[in-house]
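In: My questions are about this predicted structure, shown below with the sequence.
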Amino acid sequence: MASSSTNMLTKFESKSSRAKGIAFHPKRPWILVSLHSSTIQLWDYRMGTLIDRFEEHDGPVRGIDFHKTQPLFVSGGDDYKIKVWSYQTRRCLFTLNGHLDYVRTVFFHHELPWIISSSDDQTIRIWNWQNRSLICTMTGHNHYTMCAQFHPKEDLVVSASLDQSVRVWDISGLRKKHSAPTSMTFEDQMSRGNQNQADMFGNTDAVVKFVLEGHDRGVNWVAFHPTLPLIVSAGDDRLVKLWRMSETKAWEVDTCRGHFQNASGCLFHPHQDLILSVGEDKTIRVWDLNKRTSVQSFKRENDRFWVIAAHPEINLFAAGHDNGVMVFKLERERPASAFYQNNLFFITKDKHVRSYDFQKNVESPTLLTLKKLGSPWVPPRSLSYNPAERAILVTSPADGGSYELIHLPREGSGSIDPTDTKRGQGNSAVFVARNRFAVFNAAGQQIDIKDLSNSTTKTIKPPAGTTDIYFGGTGNLLLITPTAVHLYDIQQKKSTAELAVTGVKYVVWSNDGLYAALLSKHNVTIVTKTLEQVSTLHETIRIKSATWDDAGVLLYSTLNHIKYTLLNGDNGIVRTLDQTVYLVRVKARSVYCLGRNAKPKILNIDPTEYRFKLALVKRNYEEMLQIIKTSSLVGQSIISYLQKKGYPEIALQFVQDPTTRFELAIECGNLEVAVEMAKQLDKPKLWSRLSTEALAHGNHQIVEMTYQKLRQFDKLSFLYLTTGDEGKLARMAKIAEHRGDFTARFQNALYLGDVTDRIQMFKEIDLYPLAYMTAKSNGLTEECESILEATGLTEEQITLPTLGSPLTPPKPIVATFKANWPTKATSQSFFEKALLGQVEGLSLEDEPAATSNGFGLDEAGEEERNGHLIEADDDEDVAGWDMGDDIVPEVESDFVNVDSAEAGAGSSEADLWARNSPIAADHVAGGSFETAMQLLNRQLGAVNFAPLKPRFLEIYQASKTYLPASAGLPPLVNYVRRTVDETDPRKVLPIIPRDIETLATGDLQRGYDAMRTNKLEDGSRIFKGILHALLVNAVSTASEVDEAKKLITTASEYTLAMAIELTRRNLGTAEEVAKSPEKLKRSLELSAYFTIPKLEVAHRQLALASAMRAAFMNKNYNSALSFANRMLANGGSPKILDNARKTKAQCERNPNDTHEIEFDQFADFDICAASYTPIYSGSAFEVCAFDGSKYQPKYKGTVCTVCEVCEVGRNGSGLKLVA
Amino acid sequence: MDPFSAEGELLNIHNYFHQGQYQEVIDFDTSSLSPENALPARILSLRAQIALGHAEEVIADVQGENEPELIAVGALAELAAGNEAKALKVAETLAGEKGDNAVVQVLAGTVLQAAGKTEEALALLSQHQGNLEAVALIVQIHLEQNRLDLAIKEVQAARSWAQDSLLVNLAESWVGLRVGGEKYQQAFYVFEELAQAPSTSSTQSLVSQAIAEIHLGRLEEAEAALQQALTKDPKNADSLANSIVLNVIAGKDVNELTSTLASTAPEHPFLRDIQEKSALFDKAATKYSAKVSA
């Protein structure tokens, strides 16, 4: 169909009768087409839909134009009429009559309310469409005027006529005449009078400025250049002529020869130095404006072209032919680009290679220019980057496809032509390995694998019909055919997998190389690296580009949106786009993309929605929680999404509206929330729904409340009966009596088995026979007599039926009413717990006083003994390891001779580590345990190293890898560094596992969990583990040192707190403690001390609650009161506070302590970590140099009970963590 | 013509061997080889068997053979079977008599180095004339001696006459892992290229890739590679040892892996090293005690 039309990209085609006029809408994706059949069509060329048809002209419509700003367009036809239309109201607003023959073209003025028209009546007319009048008629042509256009800026008009001439007209007079009269100065009038010799009709509004003669036949079209003083014209002499003009004259510059039939239309490219022309020879031709040579041409099989138009802003053209319209681009606008880690490499419009750093957000200067690549008007198609060699492969479609392999310079230093380039023929070229690339030749259907010197090492015959190749994972290629994609193993030279996907145009690999997105025009197919389809989705709008975020979400751009899709195919819109962009990278909230102008841009997005959905799919509840807490993720869509996906309990977290909340709570069985909402709304309908739901759950307390709310007394009575709550049943009877509801009263009396009340009731309502019967059957003779007396009857006068035994209701066996006995599991989700901050576990009811583990008590006992053995003074300090502060042992003693040694073994990197660092951890990693111990002893007074053994070995184990090398020899040992980028052996340092960040995010949280779930032994172990890990560790910055110190303090406080509580629990069972006053006192003291260490507020509340309860139970109301007050001051979950409030109220009645304990709630004190006794502020104490735990002075010299490593009271030089 | 060169018919089997694809070496179809290549192919196959732990069979196989190459294979097999003294004796004799034989250089050199006779091994290997295997071995020995400078020289020299050979690439990567910095990444590329292409992938190359990633600090990727390696061969000692290292770095529990390693390869340098250090710790820790003991 086309000859050398490689770059012309057809975007839209319509089928209709001959198209004579075309106009682009300046903003919207619309095109107006006027047809030979009298119809005007309005198309959306992006969607490919016909929006509207306008049919009022009689006969062919030749001229058409959109107004630049108003919702108007103008048309002119063979019915001599010019019509102005509104496309909003879809009506013709008015018709301008005056022409005496066919109207050929109509155009709006760019700013004035004017329309210019040309007609076969040989005139050009200018109309004012606001007052709908003809303001100027320009005569001079002596044959049909085929075309007339305003100059885009100046007061000029150019016209073309079958009289073989092109004329340029000056219409400044017309403008002045129609402007405000004041602007007409005397001089103006004078000059006008002089300058304009006035044409033969005395018309001075529009005068001919230049007459351009050169065409040998009629001229069909003429156009001004948008910025330069140039004119282009097309004529029946099959020529396209270029003209130049100055202030005073105009002349022919050159002729473009090529059309072999009448040239019917021509124009200047709005942005590039190109001319486009169409002709009846069925071709569209593109010419170089500067050289007037043909750049490319496109030929249709059967259709003659009649008109061409350019979009004013974007790179789009439209041409009308015998059978409709085609909208096309001259070239791909997708900038060739590739990214690697944090760098994007791309080629700008002027063929400069640049890079862009995502981290710093800076664009590099030009690294290279590719001016010589391909042909001048053809941009490079693709770019492939090789990070190992810092080389790029660029392909260009010019000359049947070619590629170039170029090494990039390290630094960009402006426009440098590449040196040392390798080039060859090929349609696409990609790197497939560090030193290999593949070149695909479509014509020969052959793929060559080449090395970096550009010599072919292998040749592959791809499957028939292959159109393109892409990287397919290491050693593999993805071969694209029109209907399928093949995964091709280069080594094995065969296709290992095939997937039927049609029309794949681009392949985008995920950052981890596990997934790839295959982009077609309207489809995205996600596949694994072995080419198994994961999901696919369809878009009605064209898909332009895609990129993966680090979490495995694909973001893709269509013409007007950025959208996302998860691996499972869930997708949605991220944001809208004003302009088409090509995505290259997503990082956090930024999307990096290249615009059509090949400039990097950063777009901000809100990733919350897809992150949340991803977390939901992956069941990563913690992240979801994080999102819920930190972002404003609300809205009906997310709620319905969650509901649809079966997560009502999560949806519940987003909703504020009580009605919806109620519905969701019922749906997920969260009665608590349902009750809360029902209370707020207080509607009978809701209460009855709630009662049904609660009944189904077996939560009869809520059922009771709802019945109360609904005033359903009979149901309520029955509920009390079934739950065995006689007290309340009796109250119901009372209520029934008050209400005078005898049926209810009877019922209740029956439920209660209350005979007297029944008789009483019968009497009240004058049913004496029944009353008598009841009394009789229950054997209440006195009552019988009184009834008889009251009725004045004797026993003989009444006949009695046979009486059965008296009715007695069964007695409840279990007091069900005391507590709920839920039959349905309450679905309190992870979220609610976390959100409400409720920490279960150390609850007050089930706190086992008798959890004996032997740990706390033993330890405490040990400390006691320690205490006795202590000696007051110690002079040994000096004798120890006092070798000065922090001098690295064996400093650089034999560093120098390593390099100079000619033969023999060198020193290993492990030795270097110890030399390079004063940090104990680095010595440990180097295997130099002795010096590490020396350092720790000197820094912190560490003496008891046994607990550190796991940590030492852990660090040591992490320091080396074992590389299998030559067969038969042991693996090569390599040393793992934390200074990954460092190569200077004097600066390398080892990796230290469990750095501060893992400790703070992992271990610390596990410690908190242990605290919350009341697993104190575990917790104590975890916190001690944290202390040991920090004791032997390394950080890189001073701020991290501070962080580490904070972490040490936290771990130390928790260790102490847990030890105190464990000691208390080990005093004995509740009974044992209660029996011995001494133990009881100690127990109360310890529970009070438990509240002293600085724990997180939620955990402190637990300690306080426990202490409050202990104090309250043992009638130490004053202490209990103080704990309650502290709890209330801390705030937190309502459950706990409620409890505190109650206790407070009770304690305030009698604020006295029964047992005297050593705990002064008003004093400021710390707890001795060995004896668990208070150290009041101001009194002497000793500390552990590492963890800061405090001790009574008598413990000086013992091993710290918190870290179990350091000696109490030894002041070292301090922990060193940073080199 | 060098039968191992890119055009030679032994290229594939040779590459299989050095990529650690031992089973492929054994399965290699040698029937179509030209007669002069039959022996080298057989030697490679025998060496592959030794690498797979079938040393006894190889000893039986080469029993009574007179070719120096096969005697050298026998020595290597003895070494693998644990008879170090016997292997060493044979190797020393061979080194003296047939020091110019390429196969003898490599195999006897391996035995000597494994027996701790580094000087002798280097002396033997330095006689090589364009034998890349010998070069690789020399590089490895230099690295074991922590003579990075000499190893770099050796690789550079080899690079000048054997551009793109697998062994040079490997040896350069071994050196790269010691140098660090950008070289880590380059070593990674080499290993990854081998490990991720289905036709060249082996436990050895996967482990090597993982190690490069560990050194680059890319723990998750390293874990994936090691997982692949362990799927291929769950009992590979090097995979296990490096998995332990990785998990320790990542702060994960390693008890299970350690016990697996201890049961499959109790003599692995990793375990021996840790035992040594554990004893060292206990000894060093006794030097310290609190002034006031409990």
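Out: Okay, I see it. These numbers were taken from a predicted model, which means no experiment stands behind them. Residues are numbered from 1 along each chain as shown, chains lettered A, B, ... in the order given.

In: A:K613 and chain B, how far apart?
Out: Separation of A:K613 from chain B (Cβ to the nearest Cβ, to the nearest Å): 23 Å. Quick note: C-beta positions are derived from backbone N, CA and C, even for glycine.

In: Would you mind confirming that that residue makes contact with A:L567?
Out: No: using Cβ atoms under 8 Å as the test, A:K613 is too far from A:L567 to be in contact (11.0 Å).

In: Between these two, point out the one with more neighbours.
Out: Using other Cβ atoms under 10 Å in any protein chain shown as the criterion, A:K613 and A:L567 rank with A:K613 on top: 22 against 18.

In: Low-confidence regions, the chain specifically.
Out: By default, I'm working from chain A. Low-confidence segments of chain A, defined by pLDDT under 70: A:1-7, A:180-204, A:374, A:411-418, A:628-638, A:645-646, A:653-654, A:821-904.

In: Actually, chain B is the one I wanted.
Out: In the predicted model, chain B carries pLDDT under 70 at residues B:1-8, B:163, B:293-294.

In: Residue ranges of each domain in it, please.
Out: Residue ranges for the domains of chain B, per automatic domain parsing: B:130-179, B:182-276.

In: so, in contact with chain A or not, the last one?
Out: In other words, domain B:182-276. Yes: counting by Cβ under 8 Å from any Cβ of the partner chain, chain A is contacted by domain B:182-276 at B:182-186, B:189-190, B:192-193, B:196-200, B:204, B:207-208, B:211, B:214-217, B:221, B:238, B:241-242, B:244-245, B:248-251, B:254, B:268-270, B:273-274.

In: Can you select the buried ones among these for me in PyMOL?
Out: To isolate the buried members of the residues of domain B:182-276 next to chain A in PyMOL, using 16 or more other Cβ atoms under 10 Å in any protein chain shown:
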select buried, chain B and resi 183+184+186+189+190+192+193+196+197+199+200+204+207+208+211+214+215+216+217+221+238+241+242+244+245+248+249+250+251+254+268+269+270+273+274
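
In: So which of the residues of domain B:182-276 next to chain A sit within helices?
Out: Among the residues of domain B:182-276 next to chain A, DSSP state H puts B:182-186, B:189-190, B:192-193, B:196, B:204, B:207-208, B:211, B:214-216, B:221, B:238, B:241-242, B:244-245, B:248-249, B:269-270, B:273-274 in helices.

In: re earlier: A:Q122 is nearest to which of the domains of chain B?
Out: Across those, A:Q122 has its closest neighbour in domain B:182-276 (75.5 Å, Cβ to Cβ).

In: Identify the residues contacting the residue in the stretch 51-200 of chain B positioned nearest to chain A.
Out: Closest contact between the stretch 51-200 of chain B and chain A, by Cβ to the nearest Cβ, is at B:A197 (2.8 Å). Counting by Cβ atoms under 8 Å, 6 or more residues apart in numbering or on different chains, B:A197 touches A:474-476, A:489-491.

In: Kindly report the same for A:P648.
Out: A:642, A:664, A:667-668.

In: Show me the contact partners of stretch A:247-260.
Out: A:168, A:209-210, A:212, A:214, A:230-231, A:238-245, A:275, A:277, A:279, A:281, A:283, A:285, A:287, A:292, A:294, A:297.

In: can you tell me how far the residue of the stretch 951-1100 of chain A found nearest chain B sits from B:L170?
Out: Closest to chain B within the stretch 951-1100 of chain A is A:T983: 3.9 Å, counting by Cβ to the nearest Cβ. Using Cβ to Cβ, to the nearest Å, we find A:T983 at a distance of 20 Å from B:L170.

In: Look at these two and report which has more neighbours.
Out: Legend: neighbour count by other Cβ under 10 Å for A:T983 and B:L170, higher for B:L170 (26 against 15).

In: so the more buried one sits in a helix?
Out: Yes: the assignment for B:L170 is a helix, going by DSSP: H, G, I helix; E, B strand; the rest coil.

In: Give me the distance between it and A:F268.
Out: With distances taken as Cβ to Cβ, B:L170 is found 61 Å from A:F268.

In: before we move on, what about B:P35?
Out: Counting by Cβ to Cβ, the gap from B:P35 to A:F268 is 76 Å.

In: okay, these two: which has more neighbours?
Out: The neighbour comparison of B:P35 against A:F268 (other Cβ under 10 Å) goes to A:F268, with 22 against 6.

In: The more buried one contacts A:V232, correct?
Out: Yes: contact status for A:F268 versus A:V232: in contact at 6.0 Å, counting by Cβ under 8 Å.

In: Can you check which residues contact both of the two?
Out: Here A:F268 and A:V232 have A:223, A:225, A:275 as joint contacts, going by Cβ under 8 Å, 6+ apart.

In: Identify those among these that sit within helices.
Out: Per DSSP H, the shared contacts of A:F268 and A:V232 never map to helices.

In: just curious, which of those residues is nearest to chain B?
Out: Distance to chain B, by Cβ to the nearest Cβ, is smallest for A:I275 among the shared contacts of A:F268 and A:V232, at 49.3 Å.
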